[in-house]
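Trainee: quick one, what's the 3D model for this:
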Amino acid sequence: MKKILFISVLGLLSCNRNNQAHPPIGGVLSQNDLDVSKNRMKNLNAQERMHIQEWIDGQPVKYYPTRLNYWVNTEGFDLREKRPDNSLISYSYELYDFDQTKIYDEPIERKDAKFGHFDELKAVENALRFIHDGEEVTILVPSALAYGTYGDEKKIDNDIPLIIKLKAQ
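Mentor: Below you'll find the model as predicted:
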């Protein structure tokens, strides 16, 4: 019995020594760690953009790239006049993966949100600057502009690009 216990402890210790320690969220990272993370995100973004473009090529609807690195189904969308800071907007959106599976049953809704004072996905906030009242647009978003490397800690995993159907009321 002592031999089994000794071998088990020895096995656990030998497995544990190869684990790399990671600093906590908000912890200090070395320049090398930051460079590795930056390169990972750059490569991930390039792969996601390639996969999204392949998906677009198979669709009957045309999508147009924007300056913020997402696509929208309205030509010249981000060349429109921007809504100013502190203006109010009510909107809703639904989230889909690229298999076109709806992620949440209910849309995410905001009433009378004030620009410059609300926290939203980068791509959604940017698209809201250009959308007209009553207009509905579909945006295709790489994970870096969606929920990134952590996901939403509910149904959306890390590094998931999204299809967002956004409507301004």
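Trainee: how about residue 51, phi and psi?
Mentor: The phi/psi pair for residue 51 (degrees, to the nearest 10) reads phi -70, psi -40.
Trainee: got a list of what residue 77 touches?
Mentor: Taking Cβ atoms under 8 Å, 6 or more residues apart in numbering, we find residue 77 in contact with 64, 66, 127, 130, 137. Just so you know, the C-beta spots here come from the backbone N, C-alpha and C atoms, and that holds for glycine as well.
Trainee: how far away is the first one from residue 142?
Mentor: This points to residue 64. Counting by Cβ to Cβ, to the nearest Å, the separation of residue 64 from residue 142 is 15 Å.
Trainee: compare those two (neighbour count), which wins?
Mentor: residue 142 (24 against 14; other Cβ atoms under 10 Å).
Trainee: so who does the residue nearest to the more buried one when sequence neighbours are not counted touch?
Mentor: Once flanking residues are discounted, residue 142 sits nearest to residue 48: 4.4 Å by Cβ to Cβ, 6 or more residues apart in numbering. Residue 48 makes contact with 142, 143, 144, 161, according to Cβ under 8 Å, 6+ apart.
Trainee: output those residues as JSON lines; include the columns distance to residue 91 and pLDDT.
Mentor: Listed next are the contacts of residue 48 as JSON lines, based on distance: Cβ to Cβ, whole Å; pLDDT from 0 to 100:
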{"residue": "142", "distance to residue 91": "21", "pLDDT": "96"}
{"residue": "143", "distance to residue 91": "22", "pLDDT": "95"}
{"residue": "144", "distance to residue 91": "22", "pLDDT": "91"}
{"residue": "161", "distance to residue 91": "21", "pLDDT": "97"}
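Trainee: phi, psi of residue 118?
Mentor: phi -130, psi 150.
Trainee: now it: how far from residue 42?
Mentor: 29 Å.
Trainee: tell me, what residue is most central in the chain?
Mentor: When Cα atoms, centre = their mean is applied to the chain, the residue found nearest the centroid is residue 146 (1.7 Å).
Trainee: nearest residue to that residue in space, please, no chain neighbours.
Mentor: Take residue 146 and drop its neighbours on the chain: the residue closest to it by Cβ to Cβ, 6+ apart is residue 162, 4.7 Å away.
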